[in-house]
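Enquirer: build me a model:
(chains A, B, C and D)
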2 protein chains.
Amino acid sequence: MINVVLADDHVLVRDGIKALLEDQTGIVVIDEASNGKEALEVVSKNKPHVLIIDIRMPEMNGIEAVAEIKKHYKDVKTLMLSMHDSEEYVVKSIQAGADGYLLKGASKEEFIKAVNKVASGGKYFTGDVSSIIMNNFVNGTATKVEEPKPVAKELPFKLTKREKQILSLVLELKNNKVIAEELQISKRTAEVHRFNLMKKLEAKNLQELTNKAKDYQLI
Amino acid sequence: MINVVLADDHVLVRDGIKALLEDQTGIVVIDEASNGKEALEVVSKNKPHVLIIDIRMPEMNGIEAVAEIKKHYKDVKTLMLSMHDSEEYVVKSIQAGADGYLLKGASKEEFIKAVNKVASGGKYFTGDVSSIIMNNFVNGTATKVEEPKPVAKELPFKLTKREKQILSLVLELKNNKVIAEELQISKRTAEVHRFNLMKKLEAKNLQELTNKAKDYQLI
DNA sequence: ATAAAATTAAGTATTTATACTTAGTTTTGT
DNA sequence: ACAAAACTAAGTATAAATACTTAATTTTAT
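Expert: This next block holds a predicted model:
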């Protein structure tokens, strides 16, 4: 049985969520609060498994409340509720230590999934805010977190789109045959592009080509 | 109008997704592929806005395909499809540069939301995989970020001193003539060493040689 | 609409690399 | 001292890259 505390300043919203969750065996709403301060008190009294808390509330907002709670009751899981996918809210919620984030328009199924997930020690952030998370926190190989890149030399030439494409394949040490197959062009064409690249970069072998490509940051 | 390419090895799945998306104005499936290699070709030919790609496929899996595509067609957005929320798949997809991740059980609404989101330059990772993302990539106040472990593979062979010497020159993309001059040996000798290196590392081209050398940390 | 730029690809000759094999000459370990 | 391992390098045949040129399409910009 998962014990839940609901914090939202609108009774209607609390009732709605309660209805949504409670005809589901396994989840029970044991107490409620109508602002952040109250949420703190209720959590300290009841030690629920999960606190579902709205972000915009009077007295003390949900994010501040969660930051406090996470300091003192580390095993109370927290699920943020918000009207919109505000970047600021999402970022601050994560920094505060929230275990999940749902929009108020979430379906019953998603609500239940989220509560179960965070109760069992996982996280649940709705897909609607994934874009914000990825852009602000994740630097996967291909994602940007604004690296301070060294100054590139000025290009005394311009490469066409196709040439850049072929350059990148050449730099992977692929031979013309492979490049041709990959781009669905004739091997002879690949050769021409490679030849033009060598000319433009004034390289007389692959080694020089990679070096210049690095210098000009074509890499 | 958003142009989509679908890659999945099951025709039924493709048909299902197509049906799901196409009665929605604004999205059109312009081509299909049944494995990763084919996906590469189709993408190179059609330059779609979005590639929806299954992860488990024969020939070349979806993650490898996306990694390739992201290198050469940076503005083709990619949406991964997977049966389950496998940690490995999610992590590798993000590292490959995927723009989104959906489970096959996603609703029509979520599908359409995801396609629109990635097409417009955003990200869409379903809530079901948020836990994985948070645990692996996000270091909010309370989450851990793990260091990448550079574990070298065990060497199933031994390189001689001379071979290591020549390997390092080969990896600098120097040709046999240059290497021979540098080491004051005959070009033919350099060739033999290079040949033996290729054999030992089981590489069939320079590209594979550099990759294996990296794997075994001979670099 | 049309000129300029880009992409495509063939032709030709020369140089390198690849894929081996064989084999003579050092080094090195015990 | 002596066998094993390492280094050297030639032979041969095939495949690929290099270094160009020419030129037919296709795309892009004005």
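
Enquirer: how about low-confidence regions in chain A?
Expert: With pLDDT under 70 as the threshold, chain A has low-confidence stretches at A:140-156, A:217-219.

Enquirer: of all of it, which residue lies closest to DNA strand D?
Expert: Using C-beta to the nearest atom of the strand, the single residue of chain A nearest to DNA strand D is A:Asn175, 2.3 Å away. In short, each C-beta sits where N, CA and C put it, glycine included.

Enquirer: what's the closest non-adjacent residue to that residue?
Expert: Nearest in space to A:Asn175, with sequence neighbours left out and distances taken as C-beta to C-beta, 6 or more residues apart in numbering or on different chains, is B:Asn205 at 6.8 Å.

Enquirer: what is the neighbour count of that neighbour?
Expert: The burial count assigned to B:Asn205 is 13, neighbours taken as other C-beta atoms under 10 Å in any protein chain shown.

Enquirer: correct me if wrong: it contacts A:Leu173.
Expert: Yes - the criterion here is C-beta atoms under 8 Å, and B:Asn205 meets it with A:Leu173 at 7.3 Å.

Enquirer: spatially nearest residue to A:Asn135, not counting backbone neighbours?
Expert: When the adjacent residues along the chain are set aside, A:Asn135 lies closest to B:Lys123, with 7.0 Å between them (C-beta to C-beta, 6+ apart).

Enquirer: neighbours around that neighbour, how many?
Expert: When neighbours are counted by other C-beta under 10 Å, B:Lys123 registers 24.

Enquirer: report the contact partners of it.
Expert: For B:Lys123, the residues meeting the contact criterion (C-beta atoms under 8 Å, 6 or more residues apart in numbering or on different chains) are A:130-131, A:133-135, B:99-100, B:117.

Enquirer: what do you get for A:Arg162?
Expert: A:His193.

Enquirer: one more pass at 10 Å, please.
Expert: For A:Arg162, the contacting residues are A:183, A:185, A:189, A:193, A:196, by C-beta atoms under 10 Å, 6 or more residues apart in numbering or on different chains.

Enquirer: so what does the last one look like in phi/psi?
Expert: The phi and psi torsions at A:Asn196 (degrees, to the nearest 10) take the values phi -60, psi -40.

Enquirer: gap between A:Gln24 and B:Glu88?
Expert: Using C-beta to C-beta, to the nearest Å, A:Gln24 is found at 31 Å from B:Glu88.

Enquirer: before we move on, the earlier item: how far away is the residue nearest to A:Asn175 from A:Asp54?
Expert: When B:Asn205 is compared with A:Asp54 (using C-beta to C-beta), they lie 59 Å apart.

Enquirer: interface residues of chain A facing DNA strand C?
Expert: Those residues of chain A that sit near DNA strand C, judged by C-beta under 7 Å from any atom of the strand, are A:158, A:160-163, A:183, A:185-189, A:191-193.

Enquirer: check whether stretch A:176-184 contacts chain B.
Expert: Yes - using C-beta under 10 Å from any C-beta of the partner chain, stretch A:176-184 comes into contact with chain B via A:178, A:181-184.

Enquirer: go ahead and confirm A:Ala180 touches A:Lys187.
Expert: Yes - counting by C-beta atoms under 10 Å, A:Ala180 sits close enough to A:Lys187 to count as a contact (4.3 Å).

Enquirer: which of the two has more neighbours?
Expert: The residue with more neighbours, out of A:Ala180 and A:Lys187, is A:Ala180; 20 against 13, by other C-beta under 10 Å.

Enquirer: surely the more buried one forms part of a helix?
Expert: Yes - using DSSP: H, G, I helix; E, B strand; the rest coil, the assignment for A:Ala180 is a helix.

Enquirer: ok, it - contacts?
Expert: Contacts were defined as C-beta under 10 Å, 6+ apart; by that measure A:Ala180 touches A:166, A:169, A:174, A:186-191, A:193.

Enquirer: run the last query once more with 6 Å
Expert: Residues in contact with A:Ala180 (C-beta atoms under 6 Å, 6 or more residues apart in numbering or on different chains) are A:187, A:190.

Enquirer: any figure for the gap between the closest residue to DNA strand C within chain A and A:His193?
Expert: Here chain A gets closest to DNA strand C at one residue, A:Thr160, 2.7 Å apart by C-beta to the nearest atom of the strand. A:Thr160 sits 9 Å away from A:His193, taking C-beta to C-beta as the criterion.

Enquirer: can you count the residues close to the closest residue to A:Thr126 other than its chain neighbours?
Expert: Counting by C-beta to C-beta, 6+ apart, A:Thr126 lies nearest to B:Gly127, which is 4.6 Å off, once chain neighbours are set aside. If you count neighbours by other C-beta under 10 Å, B:Gly127 ends up with 25.

Enquirer: in contact with B:Gly127, which residues?
Expert: The contact partners of B:Gly127, taken as C-beta under 6 Å, 6+ apart, are A:124, A:126-127.

Enquirer: next one: A:Ile30
Expert: Counting by C-beta under 6 Å, 6+ apart, A:Ile30 has contacts A:3, A:46.

Enquirer: residues contacting the helix or strand containing A:Leu40, please?
Expert: Using DSSP states H and E, A:Leu40 sits in helix A:36-46. Contacting residues not belonging to helix A:36-46 are listed as A:5, A:7, A:30-31, A:33, A:51, A:53, A:57, A:59-61, A:64-65, A:68-69, A:76 [C-beta under 6 Å, 6+ apart].

Enquirer: among those, name the ones in helices.
Expert: For the contacts of helix A:36-46, the ones inside helices are A:64-65, A:68-69, with DSSP state H as the criterion.
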